[in-house]
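Engineer: Give me a model of this one.
(one chain, ligands or ions: 1)
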Amino acid sequence: MPTNTQYEADGTITRRCHACRQRRPLTEFKRNNAMLHGRGYMCKKCHTNRYSNDKSFNSWWQNRFNIARKRHRVTVNIAYIRKLWTAQTGKCALTGVAMVFERRSPFAASMDRINLTVDYVPGNIRLVTIAANLARRNYTDEQFQAWLAAVRAV
Ligand SMILES: [Zn+2]
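Structural biologist: I've put the predicted structure just below:
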């Protein structure tokens, strides 16, 4: 796995975060003595998001529930979402990229209804990046994956 580490002209070292893709000073990365320069691949902010404390995890998903409730029935709860999050290891079920808890980010975590004729109920939910969610829209998984494969092949 590349570290995306760079030596800047001013003598500082920067690294591109594996999750948010932002280039940040090395000091903004969590310490990890097993890694190059003793810092991990993910910035502290993303690390917190990924291995979130209950408070930020819960408030993010409560907000997503509130948005979903405007148009649909929502019977999944935080415990259910946490199980999915752990099973997916924080990665988008449609694209495989890491999700974040940041408003306005295309990588922001959201709930996707697998069967669009069914509400936000257990068994019909997977966690996906908001951009993938919007792009998939009403397309079937087959259609979406065909489109994604075409984009990746460009
Ligand atoms: Zn990051």
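Engineer: hey, let's count contacts and neighbours off CA atoms from now on
Structural biologist: Fine.
Engineer: Alpha carbons of stretch 10-23, as PDB, please.
Structural biologist: Included here for stretch 10-23 are C-alpha records, laid out as PDB according to Å, rounded to 0.1, in the frame of the first residue of the first chain:
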ATOM      1  CA  ASP A  10       9.900  23.900   3.200                       C
ATOM      2  CA  GLY A  11      11.200  20.700   4.800                       C
ATOM      3  CA  THR A  12       7.900  19.400   6.200                       C
ATOM      4  CA  ILE A  13       6.500  16.000   5.400                       C
ATOM      5  CA  THR A  14       2.900  15.700   4.200                       C
ATOM      6  CA  ARG A  15       0.800  12.600   3.500                       C
ATOM      7  CA  ARG A  16      -2.400  12.100   1.700                       C
ATOM      8  CA  CYS A  17      -5.000  10.600   3.900                       C
ATOM      9  CA  HIS A  18      -6.200   7.200   2.800                       C
ATOM     10  CA  ALA A  19      -9.800   8.000   3.700                       C
ATOM     11  CA  CYS A  20     -10.500  11.700   2.900                       C
ATOM     12  CA  ARG A  21      -7.800  12.000   0.300                       C
ATOM     13  CA  GLN A  22      -6.700  15.300   1.700                       C
ATOM     14  CA  ARG A  23      -3.000  16.000   1.900                       C
END
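Engineer: all helices for this protein, in order.
Structural biologist: For the chain, the helices defined by DSSP state H cover 44-50, 54-69, 78-87, 130-136, 141-153.
Engineer: could I get those as TSV with mean neighbour count, distance to the ion and mean pLDDT?
Structural biologist: Compiled in TSV, the helices of the chain are given as follows (neighbours: other CA atoms under 10 Å; distance: least, CA to the ion, whole Å; pLDDT from 0 to 100):
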stretch	mean neighbour count	distance to the ion	mean pLDDT
helix 44-50	18	4	77
helix 54-69	14	16	92
helix 78-87	14	18	92
helix 130-136	17	17	96
helix 141-153	12	23	96
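Engineer: Show me the one of those helices that comes nearest R21.
Structural biologist: Taking CA to CA as the criterion, helix 44-50 is the member of those that comes nearest to R21, at 10.1 Å.
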